[in-house]
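Asker: build me a model:
(2 chains, ligands or ions: 2)
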Amino acid sequence: MLAVFKLGNSVLKANSNLFERTGKSTVAIFKQLVEMFSFVGETAVAIAKSVIEPKRIRWRPILFNIRSAGFDALPIVGLLSFLLGVVVAYQGADQLRQYGANIFVADLVGLSMLREFAPLMTAIIIAGRSGSAYAAQIGTMAVTEEIDAMRTLGISPQEMLVLPKLLALIIALPLLTVFADLFGVFGGMLMARNQLDVGFVEFLDRFVKAVSPTAFMVGVGKAPVFAAIIAIVGCYQGFKTKGGADSVGRQTTRSVVQSIFLVIVADALFSIVFSLLDL
Amino acid sequence: MQNLAHHDIEKSQAQSIETVIEMRGVSTRFGEHVVHSDINLKINRAEIFAIIGGSGSGKSTLLREMILLQLPNSGSINILGINLTDISEKNALALRKRWGVMFQHGGLFGALTVKENVGLPLREHTTLSDAQIDAIAEQKLIMTGLKLEVGAQYPSELSGGMLKRASLARALALEPELLFLDEPTAGLDPISAAGVDELVVQLRDQFGLTIIMITHDLDLLWQVADRVAVLSDGRVQAVDSMLGLSSSNIDSVKAFFDGPRGRSAREQSALQAIKINDHLKDSSSKLK
Ligand SMILES: Nc1ncnc2c1ncn2[C@@H]1O[C@H](COP(=O)(O)OP(=O)(O)O)[C@@H](O)[C@H]1O
Ligand SMILES: [Mg+2]
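Answerer: Ligands and ions are numbered 1, 2, ... in the order given. Next up is the predicted model:
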């Protein structure tokens, strides 16, 4: 009897522990959401100030960031989307051949690359490449007191560090997405000729008919939103860095995980919205 | 230089003593953890004021509150006649131009050369030409005892002592009235540290700067501090000269002077007394 009572007690304890932990992590998640929104708000204020007073915009870091996040990423984005195009065409080839619908490989590659794969893939590459770099750079600056120094020198870290990255990525990511479109479709085209005997001319002929400009615009149109997510999450995690060098690594990892997560969630939301709009 | 110093002292005695920083009832918490419970401080113009206390006693936090990096939970801080609670952005910028801060780890921007770092405040807040800014930056570098070649180097290429000097040069770029130093000699070899002593006194004497510093360095405290505030248990336990503090009865102050470091401090105090005697003899013989 006593044993049962004890057991019950310990189960209760374990339960309250579980509830307590659930409660605590819920609070933590909400706290972080609130913090993130206040960071977005601060960024919006900084943007508004720059719009009112355009001479505050720092062009040099913007150009620098376009080069490092955009131009320097061309090889990896090109290569990976080429491979993705190859894989999509290859996977589709078997099915299409069975139905003798070889030519529809252009639809498959064109629509899937332009609408989904190219923007998503590019965003994920850039989240891993530039989002992490933003978090690491700002995090290191926070640890070495550079952010504090900036504030005491009367320079807004938002204007100096966040806005140029945000703006640069919003410009660079759509362009990278177009680049990824090109290479993805090219990869699919090679595979179509190899596996399905669909020549380049045939492929392009069908491609132009199958893929509307809307499909292209839908894909490229998502890129600025992904760019904003990546830049803001990266910078936010950087500013949150406290303590020593190990904290920089932790925040960097967190920025990549969070921005990829949010990019995919945003992509899902886009799908819903586009299907409601019949796009 | 000696004359200048005397002149300044006379001047400051002639004017009534002016308070540049006043803290009243300042309290600070991080969550449950109370760092300051009731801090009251007054710092006068052209004095070298040191804040000491055990590690974690809230010295850096107090400094951060003075330089608008953090707000206290309650209490008021008044700097150069401006209240920091609810300060407008315009006033905050105006104040920031009137003080310089040397951070513990320098806080220099790694992406800029030393000279660009020193020139940055000028580039941001003045309309001077690039050539003028460079000239001023070089002058500040020399003033803080750095060679001109250092200007072209990046912060990562500098030694600890050079970093602190470069950071000081940047803090001085806008010719501030107040200078905040967080651990100016921590991590320096004794020779570099001694250089900092001289620099600090020189700045006060030549330019009438008010200097507020946090330090554990007993040598520095004995050599340069006019008054020293001892921070412990969230309060200012005592404010006095080092000589005054060394004979204090307050436990937390005595703790600072006990132990092996304290012993050398007591030796210092004896030494200092001798030095002062010598100095008096010196000046009296000069008078004759
Ligand atoms: N941002 C912060 N968040 C939480 N606790 C902090 C923060 N900054 C300082 N503290 C705590 O406040 C206390 C005082 O810190 P600090 O002012 O750095 O001390 P000191 O400079 O005297 O060594 C320490 O216990 C520290 O852990
Ligand atoms: Mg400290």
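
Asker: so what's whatever residue of the stretch 1-150 of chain B ends up closest to chain A up against?
Answerer: For the stretch 1-150 of chain B, the residue closest to chain A is B:Gly107, as judged by C-beta to the nearest C-beta, at 3.3 Å. Quick note: C-beta positions are derived from backbone N, CA and C, even for glycine. By C-beta atoms under 8 Å, 6 or more residues apart in numbering or on different chains, the contact list for B:Gly107 reads A:144-146, A:148-149, B:101, B:167.

Asker: how much space between it and A:Asp246?
Answerer: According to C-beta to C-beta, to the nearest Å, B:Gly107 and A:Asp246 sit 20 Å apart.

Asker: likewise for A:Arg60?
Answerer: Using C-beta to C-beta, A:Arg60 is found at 32 Å from A:Asp246.

Asker: B:Leu68 now?
Answerer: Taken as C-beta to C-beta, the span from B:Leu68 to A:Asp246 is 29 Å.

Asker: cool, and B:Lys140?
Answerer: 35 Å.

Asker: same question, A:Pro164
Answerer: With C-beta to C-beta as the criterion, A:Pro164 and A:Asp246 are 27 Å apart.

Asker: pick out whichever of these two has more residues nearby.
Answerer: A:Pro164 (21 against 9; other C-beta atoms under 10 Å in any protein chain shown).

Asker: is it correct that B:Leu168 is in contact with B:Val200?
Answerer: No: using C-beta atoms under 8 Å as the test, B:Leu168 is too far from B:Val200 to be in contact (9.1 Å).

Asker: now do the shared contacts for those two.
Answerer: B:181, B:184.

Asker: counting neighbours, go ahead and name the busier of these two.
Answerer: B:Leu168 (27 against 23).

Asker: for that one, give me the pLDDT.
Answerer: Per-residue pLDDT puts B:Leu168 at 92.

Asker: got a list of contacts for stretch A:75-94?
Answerer: The contact list for stretch A:75-94 (C-beta under 8 Å, 6+ apart) reads A:102, A:105, A:108-109, A:112-113, A:117-118, A:121-122, A:125-126, A:129, A:176, A:179-181, A:183-192, A:195-196.

Asker: now, the residues you listed that are in helices?
Answerer: Assigned to helices by DSSP state H, the following of the contacts of stretch A:75-94 qualify: A:105, A:108-109, A:118, A:121-122, A:125-126, A:176, A:179-181, A:183-192, A:195-196.

Asker: once you drop chain neighbours, what's closest to residue 207?
Answerer: I'll assume chain A. In space, and not counting its chain neighbours, A:Phe207 is closest to A:Ala106: 4.4 Å by C-beta to C-beta, 6 or more residues apart in numbering or on different chains.

Asker: ah, no, chain B please
Answerer: The shortest distance from B:Phe207 to any non-neighbouring residue, by C-beta to C-beta, 6+ apart, is to B:Glu175 (7.7 Å).

Asker: and B:Gln223, by the same measure?
Answerer: In space, and not counting its chain neighbours, B:Gln223 is closest to B:Asp197: 4.6 Å by C-beta to C-beta, 6+ apart.

Asker: repeat that for A:Tyr134.
Answerer: Here the residue nearest A:Tyr134, using C-beta to C-beta, 6+ apart, is A:Gly234, at 3.4 Å.

Asker: next one: B:Asp182
Answerer: Going by C-beta to C-beta, 6+ apart, B:Asp182 has B:Gln104 as its nearest residue, at 4.4 Å.

Asker: what is the neighbour count of the one you found?
Answerer: Here the number of neighbours of B:Gln104 (other C-beta under 10 Å) works out to 17.

Asker: got a list of what it touches?
Answerer: By C-beta under 8 Å, 6+ apart, the residues touching B:Gln104 are A:145, B:60, B:182-183, B:186.
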